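Visitor: prediction below, plus the sequence it came from.
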Amino acid sequence: MAKPNAEASKIPAAANPLAEEPTKIASNINYHANFSPHFSPFKFDPEQAYYATAESVRDRLIQNWNETYLHFHRKNPKQTYYLSMEYLQGRALTNAIGNLNVQSAYAEALNKLGHDLENITEEEKDAALGNGGLGRLASCFLDSMATLNLPAWGYGLRYRYGLFKQRIAKDGQEETAEDWLEKFSPWEVVRHDVVYPVRFFGRVHVNPDGSRKWVEGEILQALAYDVPIPGYKTKNTISLRLWDAKACSEDFNLFQFNDGQYKSAAQLHSRAQQICAVLYPGDATEEGKLLRLKQQFFLCSASLQDIIFRFKERKQGAELKWSEFPTKVAVQMNDTHPTLAIPELMRLLLDEEGLGWDEAWDVTSRTVAYTNHTVLPEALEKWSQTVMWKLLPRHMEIIQEIDKRFIEMVRATRKDLESKIPTMCVLDNNPQKPVVRMANLCVVSAHTVNGVAELHSDILKNELFADYVSIWPSKFQNKTNGITPRRWLKFCSPELSNIITKWLKTDEWATNLDLLVGLRKLADDANLQEEWASAKMANKKRLAQYIKHVTGVEIDPNSLFDIQVKRIHEYKRQLLNILGAIYRYKKLKEMSPEERKKATPRTVMIGGKAFATYTNAKRIVKLVNDVGAVVNTDPEVNSYLKVVFVPNYNVSVAELLIPGSELSQHISTAGMEASGTSNMKFALNGCLIIGTLDGANVEIREEVGQENFFLFGATADEVPKLRKDRENGLFKPDPRFEEAKKFIRSGAFGSYDYHPLLDSLEGNSGFGRADYFLVGHDFAGYLDAQARVDEAYKDKKKWFKSSILSTAGSGKFSSDRTIAQYAKEIWKIEECRVP
């Protein structure tokens, strides 16, 4: 028997899987420590306590999970399957005990065992299944689907090493593999009975009757790992099914191995391991492109085989009618990564189930829907036809047929669009570089296409997909993104959420976020403002401790906490932020000590990962760190300004940064950010935004009130003309912009060569030049908006009123609202609550 400490040895190790009372929960935790061992006996340190606690919580989840599965099976409702290449789940323990409403019982149980819940949760590593907003949105959506009791599942891939773990070294960002599966994840359940074959390469065999079949090539196995997703205060617990790739034992060549040919003996096993090794493997090489395409197909094929299996299983012997498939199944493609679901569903229906083309097409086009997340041309996927023919020959035949029929339809019904066919069709047959345009395939095939914020959906309808809109006006919708208020306020900022509950006299806001509007009429109340300020200060102190721990930099909780955290990308304009901080530093240096005393002290924090091969983004990370190294050690200035790069930004880091933030920067070039969701998280936590009229900023500003939003910058409709003016040499830079760049070039922040980065802001034309993202144009407006921030922060009473109004205006941005709209308007699914 384990004797970890005096307290734990007093608690019997007895299985109590559904325990609710702290002593019995402690027994169940102790039971797992002893009888579900993963470590040597007699060890019960925080790490062992975390795994045992997670397994105890999982007992409760499994009960609800099994009941949910059975309930869906019996009721056989129409069900949504959400296909996404990424999910950014964050820690599961706090979320699960919060959604099950057993936080205090678990805290007490752990105390009885000599441990502390807060320390135990720190042992959990974030699941490395995603990167940015796309993955976090998918995770918020799953939380809302479960909370709204909707019949829905997520499908993804089980990446062993994630994107990467970010370290900051003297040369800037370094990437190392994520280690979340180094030991194991207690939240996943491997389903050894759920395995599907997935084929690559090979050829198309034509049978005597003219039917076609994809044969030969290599076959890997997709094995299911399920993660439970509990709803908030409901029994419904849905699944995130993650596929892992493996080869069979018969694919291991024992003869070759014993002959010393170790590499070739296990060739297929090593290829299988590559598929789920890394999220977004580098695609500069031919091998990299092939691997990414393999990943996408692997996700689509395994998921669709599983969906078809479930459709048949739930029929329970009744006659199969394929025309009913779309009345039982909705498939949502999260961006273009799962586009291959379209030709794969067609292939399965045509070649495996024996449907004719028209019937298969009818089923497919009534089943799949597509969410577009970007208007950036480089992010609209285009795959080389050569690579596609090699890897997926049967799918290319199907795509050719879809394209041919689409072109025939346009020619027959819309003579006026004849000249637009080359840009609208799916296959771009440019002899230099023939490609498959995935977004076009989605639009042609899906029954619904949606954007993710009003501005973004308008751009899709009026620009990117305008010609398709003229053919299918009712195909296009907007679904403004949302965030789960459980993880992003209730659990990550308990002080603030307790105050909200107290003043609204209800905690129902956690599932009906519109109730926050009730704070509006209370925003002037001095007592509320005082409590609000103390909750904010508690969060700021917690954040300051974390920053000291990970960077060694001491920051002052009385300074204005100004935060920008998101993927590092030139369009998100972290460069604008750091240039502003550099200008601020230079001005502070030039002031007399008396003048400095009038300045608003500020701590600027920037965090985010730069893609490993994105050179300019990595230069920006380096610049932020170099500026911080100088500013933070400058005794004249460092009580008025600190600049901190927060390393390895992920969900758990966000859960500290967002509640502690007072000003948040969402400053992308207008028209380039589809929505953004971190802006919603900051606003919900009473943080004011400085930003452009881009993505969901537009709607946030409408909701919180424009006087509580620091606006600057060109608007989306002005951007093209400004770029044209630049090309024609009409741009006149603000002298402050020139001053900031000159200061970097002077070597004030060390000897690193920043010329290539600064050169991207120079000149009037050329690739990677001419300030495509309008940093120079917006710089003056940005500095003026920041000066308004400095002024506003001095009047604390007014600032806290704005902060309260920001939270009060965030009701619209709940993912519960978003998902309810998807369910009603796109998927046509209804609540299926477990009794």
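Guide: Received, thanks.
Visitor: for stretch 233-253, buried residues please.
Guide: Buried residues in stretch 233-253, counted by 16 or more other CB atoms under 10 Å: 234-247, 251. No exception for glycine: its C-beta is placed from N, CA and C like everyone else's.
Visitor: ends of it, how far apart?
Guide: 52 Å (CA to CA, to the nearest Å).
Visitor: just to revisit the earlier point, which of the buried residues of stretch 233-253 fall within strands?
Guide: Counting by DSSP state E, the buried residues of stretch 233-253 place 237-246 in strands.
Visitor: how about the lowest-mean-pLDDT helix or strand in the chain: buried residues?
Guide: Every helix and strand of the chain was ranked by mean pLDDT, DSSP states H and E. The lowest is helix 6-9, at a mean of 72. Residues of helix 6-9 classed as buried: 8-9 (neighbour count, 16+ other CB under 10 Å).
Visitor: go on, stretch 687-705?
Guide: 687-701, 703-704.
Visitor: sort out for me which of these are in strands.
Guide: Going by DSSP E, the strands hold 688-691 from these.
Visitor: closest to E831 out of these?
Guide: I689 (34.1 Å; CB to CB).
Visitor: the closest one against N697, yeah?
Guide: Yes: using CB atoms under 8 Å as the test, I689 is close enough to N697 to be in contact (6.9 Å).
Visitor: now the common contact residues for these two.
Guide: Common contacts of I689 and N697, defined by CB atoms under 8 Å, 6 or more residues apart in numbering, comprise 666, 679, 709.
Visitor: give me the distance between K721 and N728.
Guide: According to CB to CB, to the nearest Å, K721 stands 10 Å off from N728.
Visitor: just D428 next, same as before
Guide: D428 is 31 Å from N728, by CB to CB.
Visitor: neighbour count: these two, which is higher?
Guide: D428 (15 against 9; other CB atoms under 10 Å).
Visitor: got a list of what the more buried one touches?
Guide: Counted by CB under 8 Å, 6+ apart, D428 has contacts 382, 422, 434-437.
Visitor: how about a cut-off of 7 Å?
Guide: Listed by CB atoms under 7 Å, 6 or more residues apart in numbering, the contact set of D428 reads 434-435, 437.
Visitor: then L304?
Guide: 341, 344-345, 348.
Visitor: as CSV, those with pLDDT and neighbour count would be great.
Guide: Formatted as CSV, the contacts of L304 follow (pLDDT from 0 to 100; neighbours: other CB atoms under 10 Å):
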residue, pLDDT, neighbour count
A341, 98, 30
E344, 98, 25
L345, 98, 27
L348, 98, 18
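Visitor: narrow those to those in helices?
Guide: 341, 344-345 (DSSP state H).
Visitor: turn these into a markdown table, including distance to L543.
Guide: Putting those into a markdown table (distance: CB to CB, whole Å) gives the following:
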| residue | distance to L543 |
| --- | --- |
| A341 | 41 |
| E344 | 46 |
| L345 | 47 |
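Visitor: of those residues, closest to V215?
Guide: Taking CB to CB as the measure, E344 is the one of those closest to V215, at 16.1 Å.
Visitor: my read: that closest one touches C300, true?
Guide: Yes: assessed by CB atoms under 7 Å, E344 is found in contact with C300 at 5.0 Å.
Visitor: report pLDDT for K812.
Guide: Listed pLDDT for K812 reads 98.
Visitor: got the end-to-end distance for stretch 164-183?
Guide: Note: stretch 164-183 ends 17 Å apart using CA to CA.
Visitor: list the buried residues for it?
Guide: Result for stretch 164-183 [16+ other CB under 10 Å]: buried residues 164-166, 168, 172-173, 178, 180-181.
Visitor: and L579, what's its pLDDT?
Guide: 98.
Visitor: quickly find the element holding it.
Guide: helix 574-590 (DSSP states H and E).
Visitor: contacts for that helix, please.
Guide: So helix 574-590 is contacted by 564, 568, 596, 599, 604, 606, 620, 623-624, 627, 631, 636-637, 640-641, 643, 665, 667, 736, 739-740, 743-744, 775, 778-779, 782-783, 786 (CB under 7 Å, 6+ apart).
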